[in-house]
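Peer 1: pasting the sequence and the predicted model now:
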Amino acid sequence: MKILAFGASSSKTSINTALATYAASLVNDATVEILDLNDFELPMFSEDKEKEIAQPKLAQNFIAKMKGADAIIVSFAEHNGTYTVAFKNILDWASRVSREVYQQKPVVFLATSPGPGGAASVLNVATKSAQFFGANVKGSMSIPSFYENFDMSSQQLSNQKINRELEQVVSKLIN
């Protein structure tokens, strides 16, 4: 099974990338590819810009990565209660290449933040809009207080209760 995982953030030190990477490692016998949204940086989407440059190669590449996966794990960073600009921009461009950005693949949506809210607002937005982008959402989970529950040195959840919950959510990708 090939898992495509990424943090929906352009931060080089993204806690959501760390979480998505860890979650993907929980799938036994999987090949994992970690995307970096910085590799898909495009001009701000607008209809005028689309008329000028059509469907950029980077947006096509993003869709190709989705097509090539058997399952997808996304961990959403939250900016002002919703998507980061980096993720929203590639979502907008990619949806012009293929409205079904997630290609009807099984998907697990995660979110985390340093605070107790765990980026639950953006997770709610992503889960509600998933149907419009061809996501077969198998599960979702918000992880609060990231630095209290994740050991950065070992790159894994240190809170065993949350870890068991995450294992259950991720296991739905293959069931």
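Peer 2: It's in. Residues are numbered from 1 along each chain as shown.
Peer 1: now Phe6. Nearest residue, chain neighbours left out?
Peer 2: Nearest non-adjacent residue to Phe6, counting by CB to CB, 6 or more residues apart in numbering: Leu35, 3.8 Å away. Yep, even glycine has a C-beta here, placed from its N, CA and C like the rest.
Peer 1: would you confirm that the one you found contacts Lys65?
Peer 2: Yes. Under the criterion of CB atoms under 8 Å, Leu35 makes contact with Lys65 at 6.2 Å.
Peer 1: give me the common contacts of those two.
Peer 2: By CB atoms under 8 Å, 6 or more residues apart in numbering, Leu35 and Lys65 have these common neighbours: Leu4.
Peer 1: list the contacts of the residue nearest to Phe6.
Peer 2: Contact analysis of Leu35 by CB under 8 Å, 6+ apart lists Leu4, Ala5, Phe6, Lys65.
Peer 1: same thing with Leu42?
Peer 2: Here Leu42 is in contact with Pro56, Leu58, Ala59, Asn89, Ile90, Trp93 (criterion: CB under 8 Å, 6+ apart).
Peer 1: try Ala94
Peer 2: Taking CB under 8 Å, 6+ apart, we find Ala94 in contact with Ala59, Phe62, Ile63, Met66, Val101.
Peer 1: where does the first one fall, phi/psi-wise?
Peer 2: Backbone torsions for Ala59, taken as degrees, to the nearest 10, come to phi -70, psi -40.
Peer 1: look up how far Asn80 lies from it.
Peer 2: 24 Å (CB to CB, to the nearest Å).
Peer 1: one more: the third one?
Peer 2: According to CB to CB, Ile63 stands 27 Å off from Asn80.
Peer 1: what do you get for the second one?
Peer 2: When distance is defined by CB to CB, Phe62 is 24 Å away from Asn80.
Peer 1: and what of the fourth one?
Peer 2: According to CB to CB, Met66 stands 26 Å off from Asn80.
Peer 1: before we move on, which element is the most centrally placed residue in the chain in?
Peer 2: Geometric centre of the chain, nearest residue: Val74, 1.9 Å, by CA atoms, centre = their mean. Element membership for Val74 (DSSP states H and E) is strand 71-76.
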